[in-house]
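A.B. asks: Return a 3D structure for these sequence lines:
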Amino acid sequence: MPAFKPQLAALLFALPLIAFQPTATLPAAITAVTAESLPARERPIGAGVALERELSGLLTEIDERSTCGTSELCDEKTLYPSLRKLWTLIGHRGAMQRTHNPKWGPADLVTDLEGLGSRAKQSEVKLSVEALELARGAETALVIAVNCDFTGTVLVVAGNDSEPFSLRWNLKDVAAENHALDNETGHWAFEPPGRHYAGGPLAADSLLALSPARNANPRFAVVALSHPGAGGTYPRQLGIWEWNGADAIPLLIDSYLVSFGTPAAVQISGDVLAVATKEEVFNSFGSCGACPDAEGVWRVRVTADGVQDLGHELLVPELAVVDALVQELGRGADVSDKMSPATTAALRAVIPHDDGERVHLGQHNVRAASRSGDETRLRLFTDETGLLQFTFRKGKNGKPFVVEVRAMSGEED
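C.D. replies: Residues are numbered from 1 along each chain as shown. Down below sits the predicted model:
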């Protein structure tokens, strides 16, 4: 690795920063960081000191402007441009540190960048950083997700043995270009919690390295968490990106609903990503905001030739059968192809009849679901019916057929 040249660094870090429109805020005060305050191993050399001064000045400015309590969802528009500028400076710092420390891996970079936030006056205010390393030919790229409280961005810094690392890409810049289109990429431009986009601002929850494309370009996934102003059901976002050396190209980016109880981790099995979801697809019942029902999964296949959306599925698909039956029975429709006459009478007795509007049984909760051979038992509670146990077997047409509906007591729950 050739020695870092101060003249080259001067050119790199003297570039003017992009002027941003006010769209962000930062809670609580952050103490300025100076180059002298860093351990010797972390001190920048050459023109990097100028970057440290600018970063220090910006943190001081944010400190002076901040009027919010720690971790509050603030709306101080004067802080938006400062926070946007902070993301860019953090990207430049990450590039500088990786050039200055060629043996650093993602964990070293995370420690360094999170250290900027750990020196805050109030310990609750921290930068949260995750990074992963991608290889593209002789070039190394570092994907950096950086968050401060409820908002954040994703950066890419890249370089090689003969070229210093530089900030190549900032998701906030791409989001600003897509803001007016109100698309999924544009949602990253939103900063105030719970405004415009139903879930509020996005912050990366995790980064995943994926298999490369057939052209050898590396790919990665960003799982993002939204921050609504209120409510227990809110969007997450999955974005799959391809890095071509100069730009991150979105291959798939979409939102999905979750609640507090929905598992956050993305499961990878072979070339398929499985994302836990909360599905709100029923006409007959709903669920409380903080409840995970109805639990589902969204699957995406990633191959060398592209990304395929495999769609959403219910973990208990029989719920959709019950939902359809309730609506049909409420209208007095014939359901003999879905359940026996005895079970039809039992279910009709506990549901209200249609009065011109759809039948709605209130909130629901799946108490248990079990399968044995071709038989499935579902215990379903709704506000209107109480606890019912449905027993399904595969019908002649291959679809679930209800063979029993039984009201259950509290002792059986």
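
A.B. asks: avg pLDDT for the helix or strand where residue 168 lies?
C.D. replies: For residue 168, the host element (DSSP states H and E) is strand 163-170. Mean pLDDT, strand 163-170: 94.

A.B. asks: can you pull the contacts of the residue nearest to residue 277 when sequence neighbours are not counted?
C.D. replies: Among residues not flanking residue 277 along the chain, residue 296 sits closest, at 4.3 Å (CB to CB, 6 or more residues apart in numbering). To be clear about C-beta, it is placed using only N, CA and C from the backbone, and glycine gets the same treatment. By CB atoms under 8 Å, 6 or more residues apart in numbering, the contact list for residue 296 reads 276-279, 312-315.

A.B. asks: Okay, and the beta partners of residue 296?
C.D. replies: residue 277, residue 314 (DSSP bridges).

A.B. asks: Any of the contacts of residue 296 buried? List them.
C.D. replies: Burial by neighbour count, 16 or more other CB atoms under 10 Å: within the contacts of residue 296 this picks out 276-279, 314-315.

A.B. asks: Greatest separation within those residues: which pair is it?
C.D. replies: 276 and 314 (12.0 Å; CB to CB).

A.B. asks: Give me the common contacts of these two.
C.D. replies: 295-296.

A.B. asks: ok, which stretches of the stretch 201-350 of the chain are strands?
C.D. replies: 202-210, 219-226, 233-243, 248-259, 267-269, 272-278, 295-303, 306-314 (DSSP state E, counting those that start in this stretch).

A.B. asks: Serialize those to CSV and add fields for mean pLDDT and distance to residue 144.
C.D. replies: Converted to CSV, the strands of the stretch 201-350 of the chain look like this (pLDDT from 0 to 100; distance: least, CB to CB, whole Å):
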stretch, mean pLDDT, distance to residue 144
strand 202-210, 91, 9
strand 219-226, 93, 11
strand 233-243, 93, 13
strand 248-259, 94, 12
strand 267-269, 93, 21
strand 272-278, 95, 21
strand 295-303, 96, 22
strand 306-314, 96, 23
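
A.B. asks: Format those strands as TSV; extra columns: distance to residue 370.
C.D. replies: Listed next are those as TSV, based on distance: least, CB to CB, whole Å:
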stretch	distance to residue 370
strand 202-210	32
strand 219-226	31
strand 233-243	27
strand 248-259	23
strand 267-269	22
strand 272-278	20
strand 295-303	15
strand 306-314	16
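
A.B. asks: Residue 365 is nearest to which of those?
C.D. replies: strand 295-303 (11.0 Å).

A.B. asks: What strands line up against the strand holding residue 168, and which way round?
C.D. replies: Strand pairing (DSSP bridges) places strand 163-170 next to strand 151-160 (antiparallel).

A.B. asks: Buried residues of the helix or strand that the strand holding residue 168 is followed by, list them for me.
C.D. replies: Sequence order places helix 171-178 as the next helix or strand after strand 163-170, per DSSP H and E. When burial is assessed from 16+ other CB under 10 Å, helix 171-178 yields the following buried residues: 171-176, 178.

A.B. asks: would JSON lines of the residues you listed with distance to residue 407 be doable?
C.D. replies: Shown next, in JSON lines, are these (distance: CB to CB, whole Å):
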{"residue": "171", "distance to residue 407": "53"}
{"residue": "172", "distance to residue 407": "55"}
{"residue": "173", "distance to residue 407": "59"}
{"residue": "174", "distance to residue 407": "55"}
{"residue": "175", "distance to residue 407": "52"}
{"residue": "176", "distance to residue 407": "57"}
{"residue": "178", "distance to residue 407": "52"}
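
A.B. asks: and which of those residues is nearest residue 133?
C.D. replies: residue 171 (17.8 Å).

A.B. asks: hang on, residue 218 packs against residue 141?
C.D. replies: Yes: contact status for residue 218 versus residue 141: in contact at 6.9 Å, counting by CB atoms under 8 Å.

A.B. asks: Are there residues contacting both of those two? Which ones?
C.D. replies: By CB under 8 Å, 6+ apart, the residues touching both residue 218 and residue 141 are 134-135, 243.

A.B. asks: Which of these ranks first by neighbour count?
C.D. replies: Neighbour counts for the shared contacts of residue 218 and residue 141, by other CB atoms under 10 Å, peak at residue 243, which reaches 23 neighbours.

A.B. asks: what sits opposite residue 129 in the beta ladder?
C.D. replies: residue 146.

A.B. asks: I figured it hits residue 142, correct?
C.D. replies: No: the pair residue 129 and residue 142 does not pass the contact test of CB under 8 Å, sitting 11.0 Å apart.

A.B. asks: okay, and the common contacts of the two?
C.D. replies: Common contacts of residue 129 and residue 142 (CB under 8 Å, 6+ apart): residue 109.
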